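>>> Sequence first, then the predicted structure:
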Amino acid sequence: MERTRTTRDRSFPRVSIAAADGRRAVEVTLLSQLDPGAGDALALRAGQRQQHHPQFNDALDEPSVRLSAPDFAAHDPASLYTFSVGSAGHPFHRHAGPRLFTAVSGSGGARLRFIPATSSAGAGALEGLRHVEIPADCLFTVRMAARTWHQFQPLHGNGQHPALFAVSCHPDETAGELDPATRAQVGRGEADLASLTELLPPALLQALSQLDPAKAPVPTTTLGFTHAMDTPWCIGLCAHLRRHVGRARQTLARLCRLHGVVGQDLPALRTCTLPALPARSLLAAQLHGHHHQDSVQIRIDTRWLGRQSPEHLLVRLLEAFIEQPAAPVSGLMRFRNLLVKPLGLRTSTLGCPVSSLLNDSAAQRFAQRFPVLDAQVDAEHAQVLLGADDRHLGFRSGVSVQRDGDDMLFTLSTRVRCRNLFGRAYMGVVDPVHRHYIAPRMLQSAVAALVRAEEREMAPAGAA
């Protein structure tokens, strides 16, 4: 007697499962089969990235991340999550609201188990149990009605393959019968996948464990792709090969870590050389009779900066000088330190225009943090004076941020006065490099870091 009925579909294979009242409870659609082993590699790599996300939540054997929170102020109640199900599967559970997700099965395939929502709390609820089997390395979608019990687990592989990795959409985070505490948590934007999950009651779980597949086989739908000439042994061989390739790609994924990158458009950061110090510069009263002076400036439209005050931007600029120095300049400083250390000269990891920012003994602090010689702040202009003295020379630097109409001007100026012949010889070598490369490159790097930081601050609340 034939126990399996097979139908061919030239489009996307799909299955729809109805609830007792005839309404759709579940819809699963198979989209495509990926390269052998791709499911395991994707699940492993994406799972590793999940662990480093600030919203990572490892609970209920379903590690997850909230990628995007609801924005109730904009009347947008939807949220977006990723979640993964490993080689041991996860427990039967349900959610108050509907769910839609797109997933990739592991290289052992995936078994999706569903029990449509029912008013019965006893073993009779299990009469609605249905299985959907997904082949290895497949892209598929699942649409579930509210309060649909579900459990996902690997189909084959003896615990050697993950079940799936998915991107899930909650169309309305407030939908369904949420208890008051959970609804308040959702309203505060603090909900996560675990807090929105209800586990299968112990009585149903016990009844489920006592089901005998031999006496009462679970109705199962197997979705897949085949060629016209495929035979059962050929299909089985392909599945066996995918499992082995999947294990090999798991190993490769562990050895060859991929790092994510984010490319951002930035305003044109062109430095211009100023013929003289900016007006009101604190540097003007320093080191009379100096032997070297340079000043570079970058102009940026304030729309890139969130309309922030000059004082706020100056704090961000000084942070960037310290925390994200220009890598080429740092390399030059390491080389310079090796050369001058035997001479007993001052060394620093930062370029000399801002190296005194690492001086822990300074008495005056800007923003209660940065060591400075002087500072001046008003609504349109903020500047600090930096500097230090060494055996061969003394230097002073002015770092300023000034509003100019719809633009913001970022300026880095330096003066040096030599103290002896060695200082003059030293500056004779350093002057052109400092004037044409070190100062412009340091300012460009710091301002670029500042713009990126401001863009992150301006991102919508809850965005990751």
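Alright, I've got the coordinates. Numbering: from 1, shown residues only.
>>> where are the low-confidence patches of the stretch 1-150 of the chain?
1-8, 119-124 (pLDDT under 70).
>>> the strands in it, which residues?
14-18, 24-33, 56-57, 64-68, 79-85, 93-94, 99-105, 110-115, 130-134, 138-144, 149-154 (DSSP state E, counting those that start in this stretch).
>>> Distance check, L287 against R417.
As judged by C-beta to C-beta, to the nearest Å, L287 and R417 stand 4 Å apart. For the C-beta atoms, the positions are set from N, CA and C on the backbone; glycine is no exception.
>>> This structure: helices as residue ranges?
Here the chain has its helices, by DSSP state H, at 38-51, 180-187, 202-209, 232-255, 310-323, 327-340, 421-433, 439-458.
>>> got those helices as JSON lines, with distance to V142 columns?
As requested, the helices of the chain are exported to JSON lines (distance: least, C-beta to C-beta, whole Å):
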{"stretch": "helix 38-51", "distance to V142": "15"}
{"stretch": "helix 180-187", "distance to V142": "22"}
{"stretch": "helix 202-209", "distance to V142": "20"}
{"stretch": "helix 232-255", "distance to V142": "21"}
{"stretch": "helix 310-323", "distance to V142": "44"}
{"stretch": "helix 327-340", "distance to V142": "46"}
{"stretch": "helix 421-433", "distance to V142": "61"}
{"stretch": "helix 439-458", "distance to V142": "33"}
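>>> re the thing from before, so what sits against both of L287 and R417?
In terms of C-beta atoms under 8 Å, 6 or more residues apart in numbering, L287 and R417 are both contacted by the residues 394-395.
>>> Neighbours of T414, how many?
Per other C-beta atoms under 10 Å, the neighbour tally for T414 reads 26.
>>> same thing with the one 5 residues further on?
Counted with other C-beta under 10 Å, the neighbours of R419 add up to 14.
>>> picking up where we left off before, closest to M333 out of the strands of the stretch 1-150 of the chain?
strand 56-57 (36.9 Å; C-beta to C-beta).
>>> Could you list every helix and strand in contact with that closest one?
Judged by 3 or more C-beta pairs under 8 Å, 6 or more residues apart in numbering; DSSP states H and E, the packing partners of strand 56-57 are strand 64-68.
>>> From the contact counts, what lies against the strand it packs on?
So strand 64-68, by 3+ C-beta pairs under 8 Å, 6+ apart, packs with strand 56-57, strand 79-85.
>>> change it to 10 Å
If contacts are counted by 3 or more C-beta pairs under 10 Å, 6 or more residues apart in numbering; DSSP states H and E, strand 64-68 sits against helix 38-51, strand 56-57, strand 79-85, strand 164-170.
>>> so can I have CSV of those showing mean neighbour count and distance to A320?
CSV is the format used below for the helices and strands packed on strand 64-68 (neighbours: other C-beta atoms under 10 Å; distance: least, C-beta to C-beta, whole Å):
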stretch, mean neighbour count, distance to A320
helix 38-51, 21, 26
strand 56-57, 16, 28
strand 79-85, 23, 31
strand 164-170, 22, 34
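>>> a markdown table please, covering the ones you listed and showing distance to E323.
Shown next, in a markdown table, are these (distance: least, C-beta to C-beta, whole Å):
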| stretch | distance to E323 |
| --- | --- |
| helix 38-51 | 24 |
| strand 56-57 | 24 |
| strand 79-85 | 29 |
| strand 164-170 | 33 |
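>>> so which of those gets nearest S348?
The nearest among these, by C-beta to C-beta, is helix 38-51 at 36.3 Å.
>>> Show me the least confident stretch of the helices of the chain, going by mean pLDDT.
Lowest mean pLDDT of these: helix 232-255, a mean of 73.
>>> Which other helices and strands does that helix contact?
Using 3+ C-beta pairs under 10 Å, 6+ apart: helix 232-255 touches helix 38-51.
>>> Mind exporting the C-alpha coordinates of the helix it packs on to CSV?
Presented in CSV, the C-alpha positions along helix 38-51 are these (Å, rounded to 0.1, in the frame of the first residue of the first chain):
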residue,chain,number,x,y,z
ALA,A,38,26.1,25.9,2.4
GLY,A,39,23.5,25.5,5.2
ASP,A,40,26.0,24.4,7.8
ALA,A,41,28.5,27.1,6.8
LEU,A,42,25.9,29.9,6.9
ALA,A,43,24.4,28.8,10.2
LEU,A,44,27.8,28.6,11.8
ARG,A,45,29.1,31.9,10.6
ALA,A,46,25.9,33.8,11.2
GLY,A,47,25.6,32.2,14.6
GLN,A,48,29.1,33.4,15.5
ARG,A,49,28.1,36.9,14.4
GLN,A,50,25.0,36.7,16.6
GLN,A,51,27.2,36.1,19.7
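>>> quick revisit: so which of the helices of the chain comes closest to D389?
Nearest to D389, of all the helices of the chain, is helix 421-433, at 11.0 Å by C-beta to C-beta.
>>> re earlier: which among the strands of the stretch 1-150 of the chain is found nearest to L223?
strand 24-33 (4.3 Å).
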